[in-house]
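> Fold the following.
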Amino acid sequence: MKRTRGFTLIEVMTALLVLSLLALMSYRGLGAVLDAREHVKQETDKWRQVAAFFARFERDVELAAPRPVRTAGGPAPAWQGMPAASAAARLEFSRFASTEGIDAARRIGYRLNEKNEIELWLWPGLDVAPDRLPERYPVLSGVKTFELQYLDASLAWVNAWPVLPTDLPIPRAVRLRVVLASNEEIVRIFVLRT
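Residues are numbered from 1 along each chain as shown. Alright, predicted model coming up:
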């Protein structure tokens, strides 16, 4: 009689050990790939929001109008940049309508709220009715710092606008500094038509 030879118990256990190690390494590798993918997605979403905010801000300041507005408290300057300690809008200005005709001339503002979001304030028109509050929309979240500076006629950066009653209706340029919650700092300068 011929004896058929099979695997021994040690050979089977060794094969199972090797296969379980391969499965464990594959699981960890797949987990690392999925974690990296989620991280890349979050970073992409964050930078997409940042780019959209800067594009919106740039479009708005390019359309800045040197037109003062009438308010309940009297006339307000065309461009009003308030110091950081102010509870009102950090930046408020008049804006012309775009050439595409998708929006109207209106008063708009930007400020950092208590939830660390930059808010866009929109009034329905240029002149503000006494009881009319702006509509507020968050345009960028996860912001630690929102700072604005304005370039005056003598080419000096100032923290508020207008500084003097004889200043231009709108500054020559605005410097925007944003620090995100993840500590990235972005500084952009926008030249205005004065």
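> Which secondary structure element is home to the residue nearest to the spatial centre of the chain?
By CA atoms, centre = their mean, the chain has its centre lying nearest to L140, at 3.5 Å. Using DSSP states H and E, L140 sits in strand 135-141.
> cool, L155 as well?
Here L155 sits in a region with no helix or strand, counting by DSSP H and E.
> where do the helices sit along the chain?
Applying DSSP state H to the chain gives helices spanning 9-62.
> any weak-confidence spans in it?
The model of the chain has pLDDT under 70 over residues 1-2, 4, 84-89, 101, 130, 194.
> ok so, going back, what are the pairing partners of the strand holding L140, and which direction each?
Using DSSP bridges, the strands paired with strand 135-141 are strand 117-122 (antiparallel).
> CA atoms only for the strand it pairs with, dumped as PDB, please.
C-alpha atoms of strand 117-122 as PDB (Å, rounded to 0.1, in the frame of the first residue of the first chain):
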ATOM      1  CA  GLU A 117     -16.600  82.700  10.900                       C
ATOM      2  CA  ILE A 118     -16.200  85.600   8.600                       C
ATOM      3  CA  GLU A 119     -19.700  86.900   7.900                       C
ATOM      4  CA  LEU A 120     -20.900  88.700   4.800                       C
ATOM      5  CA  TRP A 121     -23.400  91.400   5.600                       C
ATOM      6  CA  LEU A 122     -25.800  92.400   2.800                       C
END
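> please renumber so the chain begins at 585
Happy to do that; since the first residue is 585 now, the last one works out to strand 701-706.
> ok, and what's touching it?
For strand 701-706, the surrounding residues in contact (CB atoms under 8 Å, 6 or more residues apart in numbering) are 637, 640, 673, 676, 690, 692-697, 718-727, 730, 762. C-beta here means a position set from N, CA and C on the backbone, and glycine is covered the same way.
> Could you list the buried residues of that strand?
701-705 (16 or more other CB atoms under 10 Å).
> How about stretch 735-753?
Within stretch 735-753, the residues scored as buried using 16+ other CB under 10 Å are 735-736, 742, 745-746, 751-753.
> What of stretch 677-690?
Residues 677-680, 690 are the ones in stretch 677-690 that count as buried (16+ other CB under 10 Å).
> okay, how far is it across it, tip to tip?
One end of stretch 677-690 to the other measures 9 Å (CA to CA, to the nearest Å).
> what about it, distance to the chain center?
On the basis of CA atoms, centre = their mean, to the nearest Å, stretch 677-690 sits 21 Å off its chain's mean C-alpha point.
> Just the CA atoms of stretch 764-774, as CSV, please.
Taking Å, rounded to 0.1, in the frame of the first residue of the first chain, the C-alpha atoms of stretch 764-774 are listed here in CSV:
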residue,chain,number,x,y,z
LEU,A,764,-7.0,80.0,10.0
ALA,A,765,-7.7,77.8,13.0
SER,A,766,-5.0,75.4,11.7
ASN,A,767,-2.5,78.4,12.0
GLU,A,768,-2.1,79.0,8.2
GLU,A,769,-1.7,82.7,7.6
ILE,A,770,-2.8,84.3,4.3
VAL,A,771,-2.1,87.9,3.4
ARG,A,772,-3.5,89.5,0.3
ILE,A,773,-3.5,93.0,-1.0
PHE,A,774,-6.3,94.3,-3.2
